[in-house]
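Asks: Sequence below, structure please.
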Amino acid sequence: MSDRLRVVVAGAGAIGSVVGGLLAARDHQVLLVGRDPHMAAVARRGLLVTGLFGDRTSTPRVATELARADEPADLVLVSVKSHATEAVATALARWRHAPPLVVSLQNGLGNVETLAAALGSSRVLGARVIFGAVVPAARHAHVTVNARPVAIGPLRADERLQSRAAEIAAALVDAGIPAEAPGSVEALLWEKALYNCGLNPLGALHGLTYGEVVASPELRPVLDAAIDEGFAVARACGIELPWSAAEDFRAYFHATLVPPTAAHSSSMRQDLEAGRRTEVDAIGGAIVRAGARAGVATPVNARLVAAIHDAETARSR
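Replies: Residues are numbered from 1 along each chain as shown. The predicted model follows:
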């Protein structure tokens with residue numbers, strides 16, 4: 001992989017714009033694929049990234065259709081919503097210039113597997129992304145919170161893929177984004193699902209930030225119960241989490257993950273308030289489905305998923 005990467009960002013919303021914009025500011029050749037009016041404004045005036053990772057302006061190229069991004073590239077960063085992963089995987093599989101490496105920068109479980117099914121597991125990496133960002137105006141992406149470095153790696157241990165992941169992580173660090181390259185990201189993706197499974201739906205349903213959910217005496221027990229269910233499912237599925245019990249993870253969750261992100265309003269809340277489809281099926285829904293396969297009951301997560309679906313339906317009406 002060369003020092004200057006040719007990067008396509010499939011899904012240039014908040015996260016994709018931050019990563020693509022900061023890479024472009026370091027002279028990587030970046031093509032953002034996203035929606036107008038954001039893309040149109042970037043084409044006219046450049047992309048402004050502000051917030052915790054520093055303030056930078058860059059001039060990446062833009063497109064509004066993934067088919068128009070079919071060109072030689074070193075790397076495709078997939079940052080679409082999880083319910084669009086299959087469509088993106090199908091589109092990338094049809095490219096004349098097959099991307100040698102694809103990285104999922106997405107929420108939820110199952111995205112890496114979906115991309116690997118279409119493109120081959122030897123070309124797909126996952127990433128645990130646990131910083132928050134918003135697009136306050138067209139051409140502007142703002143980093144609001146950050147809990148941990150972006151962790152890029154293969155789903156399961158693979159020496160060659162881990163070496164490639166280390167190169168990408170180094171490029172992100174050079175661009176100002178905290179990043180690392182563990183040997184496997186499977187447990188980290190589950191860690192983030194546990195982080196999100198209660199916080200996101202409760203914050204979305206009640207219009208609260210992460211910190212406000214945790215501080216609520218009514219919602220805190222629901223949050224903790226959702227996490228406990230998810231932890232039990234992960235253990236039943238053989239996921240090698242670094243905590244021996246759910247209460248150990250919750251202690252880490254409340255002491256380490258929540259404080260730096262307490263002011264964050266989740267993308268699920270933003271989507272619900274804007275009348276867009278949420279990613280609940282890839283987070284709590286994935287835990288419910290995995291629990292059913294493993295014989296682990298998940299009534300709290302199932303109720304939260306159903307409540308989000310009801311809210312989506314009400315908003316759409």
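
Asks: Pairing partners for the residue nearest to residue 43 when sequence neighbours are not counted in the sheet, please.
Replies: Leaving out its chain neighbours, the residue that sits closest to residue 43 by C-beta to C-beta, 6 or more residues apart in numbering is residue 62, at 4.9 Å. (C-beta placed from N, C-alpha, C; glycine too.) Judged by DSSP bridges, the bridge partners of residue 62 are residue 32.

Asks: Could you name the helices and strands sitting against the helix or strand encompassing residue 168?
Replies: Using DSSP states H and E, residue 168 sits within helix 159-174. Applying 3 or more C-beta pairs under 8 Å, 6 or more residues apart in numbering; DSSP states H and E, one finds that helix 159-174 contacts helix 14-25, strand 124-128, strand 150-153, strand 179-180.

Asks: Now tell me what touches the shortest one from outside.
Replies: Residues outside strand 179-180 that contact it (C-beta atoms under 8 Å, 6 or more residues apart in numbering) are 149-152, 168-170, 172-173.

Asks: need those in JSON lines with distance to residue 201 and pLDDT, can you?
Replies: As requested, the contacts of strand 179-180 are arranged in JSON lines below (distance: C-beta to C-beta, whole Å; pLDDT from 0 to 100):
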{"residue": "149", "distance to residue 201": "26", "pLDDT": "97"}
{"residue": "150", "distance to residue 201": "24", "pLDDT": "98"}
{"residue": "151", "distance to residue 201": "24", "pLDDT": "98"}
{"residue": "152", "distance to residue 201": "27", "pLDDT": "98"}
{"residue": "168", "distance to residue 201": "31", "pLDDT": "97"}
{"residue": "169", "distance to residue 201": "31", "pLDDT": "98"}
{"residue": "170", "distance to residue 201": "36", "pLDDT": "97"}
{"residue": "172", "distance to residue 201": "29", "pLDDT": "98"}
{"residue": "173", "distance to residue 201": "33", "pLDDT": "98"}
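
Asks: Which of those residues sits closest to residue 116?
Replies: residue 152 (15.1 Å; C-beta to C-beta).

Asks: What are the neighbouring residues in contact with that closest one?
Replies: 103, 125-127, 165, 168-169, 172, 179-181, 185.

Asks: Strands of this structure, residue ranges please.
Replies: Along the chain, counting by DSSP state E, strands occupy 6-10, 29-33, 47-51, 56-58, 61-63, 75-78, 102-104, 124-128, 131-137, 140-146, 150-153, 179-180.

Asks: would you turn these into TSV with distance to residue 222?
Replies: Output for these, formatted as TSV (distance: least, C-beta to C-beta, whole Å):
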stretch	distance to residue 222
strand 6-10	35
strand 29-33	38
strand 47-51	31
strand 56-58	40
strand 61-63	41
strand 75-78	32
strand 102-104	29
strand 124-128	24
strand 131-137	22
strand 140-146	22
strand 150-153	28
strand 179-180	32
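
Asks: Return the residues in contact with the residue nearest to residue 43.
Replies: If you count contacts by C-beta under 8 Å, 6+ apart, then residue 62 has 12, 31-34, 39-40, 42-43 around it.

Asks: How far does stretch 34-49 stretch from one end to the other?
Replies: 16 Å (C-alpha to C-alpha, to the nearest Å).

Asks: Counting neighbours, which bits of it end up buried?
Replies: 34, 38-39, 41-43, 46-49 (16 or more other C-beta atoms under 10 Å).

Asks: what do you get for stretch 17-29?
Replies: 17-26, 28-29.

Asks: And these, which two are furthest apart?
Replies: 18 and 29 (17.4 Å).

Asks: distance of the residue nearest to residue 43 from residue 307?
Replies: Separation of residue 62 from residue 307 (C-beta to C-beta, to the nearest Å) stands at 37 Å.

Asks: Roughly how far does the residue lying farthest from the centre of the chain sit from residue 135?
Replies: Of all residues in the chain, residue 217 has its C-alpha farthest from the mean position, at 28.6 Å, by C-alpha atoms, centre = their mean. Remark: distance between residue 217 and residue 135 (C-beta to C-beta) = 34 Å.

Asks: Who are the packing partners of the lengthiest helix in the chain?
Replies: When the chain is scanned for its longest helix (criterion: DSSP state H), the result is helix 186-206. Taking 3+ C-beta pairs under 8 Å, 6+ apart as contact, the helices and strands that helix 186-206 lies on are strand 124-128, helix 210-215, helix 220-236, helix 267-273, helix 284-294, helix 299-316.
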